[in-house]
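Chemist: Provided below for reference: sequence and predicted model.
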There are 2 protein chains.
Amino acid sequence: MSEIVDWVAVDWGTSNLRAWGIGPNGAVTFKKTSPKGMGKLAREEFPAALDELLDNVAPARSGPLDVLICGMAGARQGWLEAPYLEAPTDLRGLLDGAVRPTMPDPRIAPAILPGVCQKAGADNVMRGEETQLLGLAALTPGFSGVVCMPGTHSKWAQLSGTRIEQFSTAMTGEMFEVLRTHSVLRHSLTGDLDGPGRAEGFAAGAAAGLDHPEQLLGTLFQVRAGSLLSGRQPDWCAGYLSGLLVGTEIGSNRHLIGDQPVPLIGSPALSALYAQVLAMAGARGEPMDATAIVLAGLKAARSFAA
Amino acid sequence: MSEIVDWVAVDWGTSNLRAWGIGPNGAVTFKKTSPKGMGKLAREEFPAALDELLDNVAPARSGPLDVLICGMAGARQGWLEAPYLEAPTDLRGLLDGAVRPTMPDPRIAPAILPGVCQKAGADNVMRGEETQLLGLAALTPGFSGVVCMPGTHSKWAQLSGTRIEQFSTAMTGEMFEVLRTHSVLRHSLTGDLDGPGRAEGFAAGAAAGLDHPEQLLGTLFQVRAGSLLSGRQPDWCAGYLSGLLVGTEIGSNRHLIGDQPVPLIGSPALSALYAQVLAMAGARGEPMDATAIVLAGLKAARSFAA
């Protein structure tokens, strides 16, 4: 039995791949996920991974099936490199910048959306987040302000409607992982990291980071010294490290935060932590449904074709 | 033929081991080095490593041969854990806090000097640097001010004569290594890292770090974006990363730097880079001979026994 769809929306990230079938009336007719993220595929393996995902899917209309893809599939080390739109730019132009890889089966017509870059002494890149930002703009028309997208590489973007004015990237999530795994701090971070001390450590670290984001290289070492001198347990140390990094990230972006709530687009667990630290800074974070946002972004990108 | 000495000074670090024979008149009679640093030895292997180093050494006087050791041999994961003196403290008390491991050969009498710690919400530890600080105080009587000890874990200490008032640790060198090896930045840091672009990248990174030490989590990612967007080569990127970290470290310690030169105790190459960045900050660094300093520190520690 085939799934009848008008087109397929795909979020192809580094670690996995999600697809939604969109019916003729705009409703989602199926959802599929696959662990075949960009990071696990050689260039020539992308067509088969997509083909596999679209098994049993048939287009509602004659002609090839449109598949609109955002994310790391368009990276240099991905399927086919998609260009970057340069910020400031209107994200309604995403589809016009798409690249179109060919499939062995000509009845499937994929298009990979571009990322967004920034130059002129503030070099930066994003891939995937631009589609989420367009989704946020579509779901909350008239929104203007800073958006925080916590994760491995957190993005902070200034959005004015569908226009991205500028953005930055903080290596917060990756920093936690490399320090936990490879630095001297690992000696303080073995054992149960999710014990009851984690929340207390997180709050202490977040306060230190918010108050002194310029002291990160120094306060990091206090994770180790705290376990040597004060008997801090691994759960407390993990919380402190996490809080210190999130607090430093938010502390360094404080000047961008105005009076209105900051939309948080990320995993629910991470968004809750960022909302907690934003509250400590006297601001308010508003966790969004990241899946709804990316789907809205892919729909919006398709609707704004030139 | 034996070396006749009064006592032996030892700097036992994580990665190697250095010993100096001190004659009855205080002069150095021999120097030996060994790759058997603390990090490579199990607890029970320390006596043999020291014994091997002291082969052919004979005491000038009757009674056992004193061997005074500073550094990581006294760490928890070292030979025998030496306590920490708690700052603020007078470093003339180092020998009184030493621990004395036993040797199979009772004619050798080792003593491991304590480290220095700091508590009360500013948890920190040092092992080895305290002896260098005492050496600096011995070689430059009356010195009072901040001392910078660049390295894997850079130390910044406030010294008043032989008294250490307070100190901090910046994970600068280790951060460079873990980011270079394990983070997404590694993609921009493969190839010849010591090419002609390194100096230019270093200066650019140092300026960014000095100006905005609170932005480190964000500017780090510009290493990657710069190679993707602006064709920055690996040597430039390595210089930028190094400069950014050193600039951030110095920028975050700027409030400690007064009008007088900042003594730099570290490798000559690293001290030169720190002096360069201190100059960019309108300050002056004074690279010291780190070997002469540690030897002076061990001599001074011995001379101040209670």
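Modeler: Nice, thanks for sending it over.
Chemist: Enumerate every residue touching the residue located most distally from the centre of chain A.
Modeler: Outermost residue of chain A with respect to the C-alpha centroid, by CA atoms, centre = their mean, is A:Leu229; its distance is 37.6 Å. Going by CB atoms under 8 Å, 6 or more residues apart in numbering or on different chains, A:Leu229 touches B:84, B:117, B:119, B:123, B:125. The way it works is simple: take the backbone N, C-alpha and C, and place the C-beta from them, glycine included.
Chemist: Repeat the analysis, applying 7 Å as the threshold.
Modeler: A:Leu229 makes contacts with B:117, B:119, B:123, B:125, as judged by CB atoms under 7 Å, 6 or more residues apart in numbering or on different chains.
Chemist: where exactly do the helices run in chain A?
Modeler: In chain A, the helices defined using DSSP state H lie at A:46-53, A:129-139, A:172-182, A:197-211, A:216-219, A:221-229, A:234-252, A:268-280, A:290-303.
Chemist: what packs against the first one?
Modeler: In terms of contacts (3 or more CB pairs under 7 Å, 6 or more residues apart in numbering or on different chains; DSSP states H and E), helix A:46-53 is packed against strand A:17-22, strand A:28-34.
Chemist: what angle do the first one and strand A:28-34 make?
Modeler: Our comparison of strand A:17-22 with strand A:28-34, counting by axes from the mean of the first three to the mean of the last three CA atoms, to 10 degrees, yields an angle of 170 degrees.
Chemist: Same list (the helices of chain A) but as JSON lines, adding distance to B:Gly78 and mean pLDDT.
Modeler: Below are these laid out as JSON lines (distance: least, CB to CB, whole Å; pLDDT from 0 to 100):
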{"stretch": "helix A:46-53", "distance to B:Gly78": "51", "mean pLDDT": "95"}
{"stretch": "helix A:129-139", "distance to B:Gly78": "47", "mean pLDDT": "98"}
{"stretch": "helix A:172-182", "distance to B:Gly78": "21", "mean pLDDT": "97"}
{"stretch": "helix A:197-211", "distance to B:Gly78": "27", "mean pLDDT": "97"}
{"stretch": "helix A:216-219", "distance to B:Gly78": "24", "mean pLDDT": "97"}
{"stretch": "helix A:221-229", "distance to B:Gly78": "13", "mean pLDDT": "92"}
{"stretch": "helix A:234-252", "distance to B:Gly78": "21", "mean pLDDT": "98"}
{"stretch": "helix A:268-280", "distance to B:Gly78": "37", "mean pLDDT": "98"}
{"stretch": "helix A:290-303", "distance to B:Gly78": "48", "mean pLDDT": "97"}
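Chemist: Farthest pair within the contacts of A:Leu229?
Modeler: Greatest spacing in the contacts of A:Leu229, by CB to CB: B:Lys119 and B:Val125 (10.0 Å).
Chemist: Looking at these two now, which is surrounded by more residues?
Modeler: Higher neighbour count among B:Lys119 and B:Val125: B:Val125, with 22 against 15, using other CB atoms under 10 Å in any protein chain shown.
Chemist: That one: what's it in contact with?
Modeler: Taking CB under 7 Å, 6+ apart, we find B:Val125 in contact with A:225, A:228-229, B:84, B:115, B:117.
Chemist: near chain B, which residues of the stretch 201-306 of chain A?
Modeler: Taking CB under 7 Å from any CB of the partner chain as the contact definition, the stretch 201-306 of chain A meets chain B at A:213-218, A:220-222, A:225-226, A:228-230, A:248-249, A:251-252.
Chemist: Likewise for the stretch 1-150 of chain A?
Modeler: Within the stretch 1-150 of chain A, the positions lying close to chain B (CB under 7 Å from any CB) are A:117, A:119, A:123-125.
Chemist: Let's see which of these end up in strands.
Modeler: Among the residues of the stretch 1-150 of chain A next to chain B, DSSP state E puts A:117, A:124-125 in strands.
Chemist: from these, which is closest to A:Val57?
Modeler: A:Val125 (31.8 Å).
Chemist: Retrieve the pLDDT associated with the closest one.
Modeler: Model confidence at A:Val125, given as pLDDT, is 96.
Chemist: And it, how far from A:Val277?
Modeler: Going from A:Val125 to A:Val277 by CB to CB, to the nearest Å gives 25 Å.
Chemist: what about the closest residue to A:Gly173 other than its chain neighbours, neighbour count?
Modeler: Spatially, and ignoring its direct neighbours in sequence, A:Gly173 is nearest to A:Thr152 (3.9 Å; CB to CB, 6 or more residues apart in numbering or on different chains). The burial count assigned to A:Thr152 is 16, neighbours taken as other CB under 10 Å.
Chemist: wait, what's in contact with A:Leu264?
Modeler: Counting by CB under 7 Å, 6+ apart, A:Leu264 makes contact with A:148, A:150, A:271, A:274-275, A:285-288.
Chemist: can we see that at 8 Å?
Modeler: Applying CB under 8 Å, 6+ apart, we find A:Leu264 in contact with A:148-150, A:271, A:274-275, A:285-288.
Chemist: A:Ser271 against A:Asp289, yeah?
Modeler: No: between A:Ser271 and A:Asp289 there is no contact under CB atoms under 8 Å: 9.8 Å.
Chemist: more neighbours, the two?
Modeler: Neighbour count, other CB under 10 Å: between A:Ser271 and A:Asp289, A:Ser271 has more, with 23 against 13.
Chemist: Name all residues that make contact with that one.
Modeler: Per CB under 8 Å, 6+ apart, neighbours of A:Ser271: A:150, A:264-265, A:285, A:287-288.
Chemist: Likewise for A:Gly151?
Modeler: Neighbours of A:Gly151 in contact, by CB under 8 Å, 6+ apart: A:173, A:266-267, A:270.
Chemist: between those residues, which has the most around it?
Modeler: Most surrounded of the contacts of A:Gly151: other CB under 10 Å gives A:Gly266, at 22 neighbours.
Chemist: Any idea how many residues pack against the nearest residue to it once chain neighbours are set aside?
Modeler: Closest residue to A:Gly266 in three dimensions, ignoring its sequence neighbours and counting by CB to CB, 6+ apart: A:Pro150, at 4.0 Å. Residues within reach of A:Pro150, counting by other CB under 10 Å, total 27.
Chemist: Format the contacts of A:Ser271 as CSV; extra columns: distance to B:Ser242 and pLDDT.
Modeler: Converted to CSV, those look like this (distance: CB to CB, whole Å; pLDDT from 0 to 100):
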residue, distance to B:Ser242, pLDDT
A:Pro150, 28, 98
A:Leu264, 34, 98
A:Ile265, 33, 98
A:Gly285, 35, 98
A:Pro287, 38, 98
A:Met288, 38, 98
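Chemist: Closest one of those to B:Asp259?
Modeler: A:Pro150 (43.1 Å).
Chemist: one step back: which of the helices and strands packed on helix A:46-53 has the highest mean neighbour count?
Modeler: Ranked by mean neighbour count, the helices and strands packed on helix A:46-53 are led by strand A:17-22 with a mean of 22 (mean count of other CB atoms under 10 Å in any protein chain shown).
Chemist: any idea of the angle that one forms with helix A:290-303?
Modeler: Taking the same axes, to 10 degrees, one finds strand A:17-22 and helix A:290-303 inclined to each other by 60 degrees.
Chemist: what is the mean pLDDT for strand A:17-22?
Modeler: For strand A:17-22, mean pLDDT is 96.
Chemist: Pull up the pairing partners for it, direction included.
Modeler: strand A:7-12 (antiparallel), strand A:28-34 (antiparallel) (DSSP bridges).
Chemist: closest one to A:Met103 among those strands?
Modeler: strand A:7-12 (12.3 Å).
Chemist: ok and that closest one relative to helix A:129-139, angle-wise?
Modeler: Using the same axes, to 10 degrees: strand A:7-12 against helix A:129-139 is 130 degrees.
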